[in-house]
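# Sharing a model prediction with you, sequence too.
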Amino acid sequence: MIYTVTLNPSLDYIVDVENLTVGAINRSTKEAIYPGGKGINVSIILSRLGAETTVIGFKAGFTGENLEHLVQKEGIKAQLLSVEKGFTRINVKVRGKEETAINGAGPEVAEKELADLTTRLEGLGKDDTLVLSGSAPKKAADTLYADLAARMEARGTRCVIDATGMLLTKALPYHPFLVKPNLEELEEIVGKKLDGLSAIEIAAQQMQQLGARNVLVSLGGEGALLIDEKGHAHHHRAPKGKVLNTVGAGDSMVAGFLAGYEKTGDYAKALHWGICAGSATAFTMHLASQAAMKELIEKGE
Ligand SMILES: Nc1ncnc2c1ncn2[C@@H]1O[C@H](COP(=O)(O)OP(=O)(O)OP(=O)(O)O)[C@@H](O)[C@H]1O
Ligand SMILES: O=P(O)(O)OC[C@@]1(O)O[C@H](CO)[C@@H](O)[C@@H]1O
């Protein structure tokens, strides 16, 4: 089973605004609400690709209740623990000529609530995978993912981390199975601009030296670069298409990679699945449908 943890999930309020003007009243031409948060997106795509998955995380207030309902409507098992104070954030994504996002801070999670969530993870074993994805709740320690990764390492559970800054780097010594920085995040980690594939490859190898087993660097329209645990580098270009949305493209890539790896046990094929899932989402108004992903995967693009 692939469990995803979203400590700071959201409702994503997506509004289409033709010409966004700061400091003015903008009128949208279309709006929609989706369940959001990186781990939740990963689970939605996993489930559409036929992989068994459970969502774990927190919910708060009326938005949290709605989020849980939307996740269950997707046919996904959800273990969202209630946070006493505040409400699950609503992240606003304005889609116009460019995408602009305002992500909320989300509710503060008490230590006891965090401990309850950690207890839920005690049942995971060697055949399970745990995906830790997205930002941490307000005021949480930046060792949060490191603590969870250490527990997973001790149980022999595969751990996947898609996060930024210290939340990610502090977890590397616990040998996560997979990390997925995008180019900007990788540049932030190594502290310099990375021009060209060989510079990206060297930076990804540095992440391996720090402990990550597989490093998947997503490169937007340029596809992705994977340095697998045997040290082999694989670069795969992204298929061409009309980009309608990039919210959740990275999450779709993580899910596609995991579903592909589960199905084939082969890193090059997993990378192909990851790219196809990411691009299928980029070519859709929201997260990709099963049919759109299958079409790209089968085309071999
Ligand atoms: N312009 C594009 N054309 C084709 N595919 C794309 C495009 N942008 C993104 N993708 C697909 O989505 C994958 C992940 O994209 P990206 O590198 O933007 O991740 P990210 O920055 O983590 O995304 P997110 O916007 O979800 O944070 C890419 O590797 C690619 O397969
Ligand atoms: O604020 P975070 O946790 O970094 O990211 C949250 C978020 O932007 O990530 C998903 C897309 O990847 C969205 O569903 C969600 O709104």
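Arrived safely. Ligands and ions are numbered 1, 2, ... in the order given.
# And the residue of the chain that's closest to ligand 1?
Ligand 1 sits closest to residue 250 of the chain, with a gap of 2.1 Å, by Cβ to the nearest ligand atom. The way it works is simple: take the backbone N, C-alpha and C, and place the C-beta from them, glycine included.
# So which bits of this protein are right by ligand 2?
By Cβ under 6 Å from any ligand atom, the residues of the chain that approach ligand 2 are 8, 10, 12, 36-38, 41, 91, 103, 134-135, 247-248, 250-251.
# low-scoring pLDDT stretches of the stretch 201-301 of the chain, where are they?
Applying pLDDT under 70 to the stretch 201-301 of the chain flags residues 301.
# how about the strands in it?
Taking DSSP state E, counting those that start in this stretch as the criterion, the stretch 201-301 of the chain carries its strands at 214-218, 224-227, 233-236.
# Next, format these as CSV and append distance to ligand 1.
Putting the strands of the stretch 201-301 of the chain into CSV (distance: least, Cβ to the nearest ligand atom, whole Å) gives the following:
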stretch, distance to ligand 1
strand 214-218, 3
strand 224-227, 4
strand 233-236, 8
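# Okay, helices next: where are they in the stretch 101-250 of the chain?
Using DSSP state H, counting those that start in this stretch, the helices of the stretch 101-250 of the chain run over residues 111-120, 144-155, 165-169, 183-190, 197-209, 249-264.
# what's the most buried one of these?
Highest mean neighbour count among those (mean count of other Cβ atoms under 10 Å): helix 249-264, with a mean of 26.
# Packing partners of that one?
Packing contacts for helix 249-264, counted by 3 or more Cβ pairs under 8 Å, 6 or more residues apart in numbering; DSSP states H and E, involve helix 38-48, strand 129-133, strand 158-162, strand 178-179, strand 214-218, helix 267-282, helix 290-299.
# Output those as TSV; include the columns mean neighbour count.
Listed next are the helices and strands packed on helix 249-264 as TSV, based on neighbours: other Cβ atoms under 10 Å:
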stretch	mean neighbour count
helix 38-48	28
strand 129-133	26
strand 158-162	26
strand 178-179	27
strand 214-218	26
helix 267-282	25
helix 290-299	16
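# on that earlier part again, not counting residues beside it along the chain, what's closest to the residue of the chain closest to ligand 1?
Distance criterion Cβ to Cβ, 6 or more residues apart in numbering; nearest residue to residue 250, sequence neighbours excluded, is residue 218 at 5.5 Å.
# I'd guess residue 13 is in a strand, am I close?
Yes - judged by DSSP: H, G, I helix; E, B strand; the rest coil, residue 13 forms part of a strand.
# ok, back up a step: the residue of the chain closest to ligand 1 and residue 278 touch, don't they?
Yes - counting by Cβ atoms under 8 Å, residue 278 is a contact partner of residue 250 at 6.8 Å.
# circling back: so which of the residues of the chain next to ligand 2 is the most crowded?
Neighbour counts for these peak at residue 37, which has 32 neighbours (criterion: other Cβ atoms under 10 Å).
# dump the residue contacts of that residue.
6, 8-10, 57, 133-134 (Cβ atoms under 8 Å, 6 or more residues apart in numbering).
# Likewise for residue 279?
Counting by Cβ under 8 Å, 6+ apart, residue 279 touches 238-239, 241, 249, 296.
# closest to residue 165 among these?
Among the contacts of residue 279, residue 249 lies closest to residue 165 (Cβ to Cβ), at 20.5 Å.
# can you pull the contacts of the closest one?
Residues in contact with residue 249 (Cβ under 8 Å, 6+ apart) are 218, 220, 278-279, 281-282.
# give me every residue that touches the residue of the chain closest to ligand 1.
Neighbouring residues of residue 250 by Cβ under 8 Å, 6+ apart: 38, 162, 180, 182, 218, 278.
# My guess is residue 66 contacts residue 11. True?
Yes - between residue 66 and residue 11 there is a contact under Cβ under 8 Å: 6.3 Å.
# check whether stretch 185-199 contacts ligand 1.
No - Stretch 185-199 does not reach ligand 1 (Cβ under 6 Å from any ligand atom); its nearest approach is 7.8 Å.
# Now the terminal residues of that stretch, how far apart.
Terminal residues of stretch 185-199 are spaced 14 Å apart (Cα to Cα, to the nearest Å).
# Could you pull up the mean pLDDT of it?
The average pLDDT for stretch 185-199 rounds to 94.
# Check the offset of that stretch from the chain's centre.
Centre-to-centre, stretch 185-199 and its host chain are 20 Å apart (Cα atoms, centre = their mean, to the nearest Å).
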